[in-house]
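Asker: fold the following and give me the result.
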Amino acid sequence: MLVRGLLFLLALILLAATAEAGKNKKEKTKKDGSDCEDWRWGPCVPNSKDCGLGYREGTCKDESKKLKCKIPCNWKKKFGADCKYKFESWGGCSAQTGVKTRSGILKKALYNAQCEEIVYVTKPCSSKIKSKSKAKKGKGKD
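Answerer: Model prediction:
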């Protein structure tokens, strides 16, 4: 009985210490020493080439900061990584130009980026004919 009581007390002390350590860690990460609320952020600048990990610089009054960011390597560089669009389905193939088109409406502009409201993208028409139905495999004998 005494052993159970000691184990229970030890577990409570350990739990309280863990909770306090987590609380202190949250307080440290919240406070960055800045009272400024009107941050202006620049575009994400990759560390090398034109995609991958990088940073963006922000300024507010006399302060400046750098945040880590990432530009996906398959991203549409024309729109910028901070402009998120909702695209409609691809249109039909134009026999005259050999391309198909679709439009995208701005969904979100991150870090107050300057984004176009509507964008248009094109891609070459596929010469392959894709089969829409696929064979279904049964799971057992009939």
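Asker: how about the strands in the chain?
Answerer: With DSSP state E as the criterion, the chain has strands at 40-41, 45-46, 52-60, 63-71, 83-87, 99-109, 118-124.
Asker: show the contacting residues for the residue nearest to Cys115 when sequence neighbours are not counted.
Answerer: The shortest distance from Cys115 to any non-neighbouring residue, by C-beta to C-beta, 6 or more residues apart in numbering, is to Cys83 (3.7 Å). The way it works is simple: take the backbone N, C-alpha and C, and place the C-beta from them, glycine included. Contacts here follow C-beta atoms under 8 Å, 6 or more residues apart in numbering; on that basis Cys83 touches 106, 108-110, 113, 115-116.
Asker: adding distance to Pro124, neighbour count and pLDDT, write those out as JSON lines.
Answerer: Output for the contacts of Cys83, formatted as JSON lines (distance: C-beta to C-beta, whole Å; neighbours: other C-beta atoms under 10 Å; pLDDT from 0 to 100):
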{"residue": "Leu106", "distance to Pro124": "26", "neighbour count": "15", "pLDDT": "95"}
{"residue": "Lys108", "distance to Pro124": "29", "neighbour count": "11", "pLDDT": "91"}
{"residue": "Ala109", "distance to Pro124": "29", "neighbour count": "15", "pLDDT": "89"}
{"residue": "Leu110", "distance to Pro124": "30", "neighbour count": "15", "pLDDT": "86"}
{"residue": "Ala113", "distance to Pro124": "29", "neighbour count": "18", "pLDDT": "83"}
{"residue": "Cys115", "distance to Pro124": "26", "neighbour count": "17", "pLDDT": "89"}
{"residue": "Glu116", "distance to Pro124": "23", "neighbour count": "15", "pLDDT": "91"}
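Asker: farthest pair in the residues you listed?
Answerer: Spanning the widest gap among the contacts of Cys83 are Leu110 and Glu116, at 14.4 Å by C-beta to C-beta.
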